[in-house]
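# sequence plus predicted model, see below.
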Amino acid sequence: MTDPDCDDLWLAALWVQRARAGGEYDAPEQVADGQCVTPADIAAEARREFRSMKIPTPEATLQGNPPMVVNVHYPAYTSAAPRDREVELLTVPVVIRAEPTEFAWDFDDPFSAGGGTLVTTDPGRAWRSGDPLPDDSWAGHTYSRLGTPGTDAGTAEDEHGNAYRTGVGVSLTTTWQGRFRVQGASTWTDIPGTISTTSTTPAATVTEARTRLVCDDLADTSTC
């Protein structure tokens with residue numbers, strides 16, 4: 001039989017050759033005709049492939065040396081690199097791409113205004129020497145309260161009366177949008193639906209920075 005007359009791609013006829021008990025083979029036998037493969041066929045397969053795609057979880061970082069201190073804005077950031085996977089769908093070589101489109105942060109802060117959550121399309125960035133001090137325009141978080149020592153779980157006081165909260169963990173849920181293209185083509189096609197990954201940071205401690213008056217007697221001129 002001749003190949004089908006297709007405007008797009010086509011899937012060749014399927015043949016089998018059955019083995020006999022003595023090790024010989026029967027003559028080849030056609031079990032399915034060739035058929036046209038449309039963009040809709042590829043799209044349906046790409047959607048199934050995207051849903052089963054294993055995306056390496058991007059690392060979530062809340063930048064700052066431990067322990068963290070209240071009323072300081074700490075930058076949060078992660079990777080925004082897309083992930084590609086090369087597959088063959090209906091004998092057609094295809095690239096499946098997952099792109100991060102939304103970042104939902106939970107800073108584990110039920111005591112500060114806003115509930116300690118942030119949803120953004122910005123993956124954030126790290127503070128580096130020479131940058132201005134991070135403020136609320138940066139993706140990140142400011143812990144403004146610690147809870148009540150002895151009442152709220154994880155919050156206590158040290159021997160100097162300094163309040164602190166332990167076991168503070170940050171989580172990030174990244175939403176990924178899928179796209180695909182036939183290898184060699186330049187046009188990407190969106191895949192309906194999304195998938196998500198969740199990252200967490202190691203547990204940390206948040207504490208207060210208290211002001212104390214001290215004696216400045218370096219010049220031997222002050223009286224305490």
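In hand now; what should we look at?

# quick one, helices of this structure?
Using DSSP state H, the helices assigned to the chain run over residues 39-51.

# from the centroid of it, which residue is nearest?
T174 (3.6 Å; CA atoms, centre = their mean).

# wait, that residue touches I195, no?
No. Under the criterion of CB atoms under 8 Å, T174 is not in contact with I195, lying 9.4 Å apart. All C-beta spots, glycine's among them, are computed from the backbone N, C-alpha and C.

# any idea what T198 is bridged to?
T173 (DSSP bridges).

# wait, it sits on V170?
No. Applying CB under 8 Å as the test, T198 and V170 come out as separate, 11.3 Å apart.

# and the two? Which one has more around it.
The neighbour comparison of T198 against V170 (other CB atoms under 10 Å) goes to V170, with 22 against 12.

# report the buried residues of the strand ranked longest in the chain.
Taking DSSP state E as the criterion, the chain has its longest strand at strand 92-106. Judged by neighbour count (16 or more other CB atoms under 10 Å), strand 92-106 contains these buried residues: V92, V94, V95, I96, R97, A98, E99, P100, F103, W105, D106.

# distance to T187 and pLDDT for these - can I get that in TSV?
Shown next, in TSV, are those (distance: CB to CB, whole Å; pLDDT from 0 to 100):
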residue	distance to T187	pLDDT
V92	14	88
V94	12	95
V95	11	96
I96	14	97
R97	12	97
A98	18	98
E99	15	98
P100	21	98
F103	27	98
W105	34	98
D106	37	97
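
# wait, what's in contact with the residue lying closest to F180 once chain neighbours are set aside?
Ranked by CB to CB, 6 or more residues apart in numbering and with sequence neighbours excluded, the top spatial neighbour of F180 is A46, at 4.1 Å. With contacts defined as CB atoms under 8 Å, 6 or more residues apart in numbering, the neighbours of A46 are L89, V94, I96, G178, F180, T189, I191.

# what's around the nearest residue to the fourth one once chain neighbours are set aside, how many residues?
Leaving aside its chain neighbours, G178 sits nearest to I191 (3.4 Å; criterion: CB to CB, 6+ apart). Look at I191: counted by other CB under 10 Å, it has 22 neighbours.

# hmm, I191 is touching F50, no?
Yes. Look at I191 against F50 with CB under 8 Å: they come within range, at 4.9 Å.

# where does this structure dip in pLDDT?
Using pLDDT under 70 as the threshold, the predicted model of the chain has low-confidence ranges 1-16, 30-35, 37, 209-224.

# distance to T205 added to the buried residues of strand 92-106, as TSV?
TSV is the format used below for these (distance: CB to CB, whole Å):
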residue	distance to T205
V92	54
V94	48
V95	45
I96	42
R97	40
A98	35
E99	35
P100	30
F103	24
W105	19
D106	18
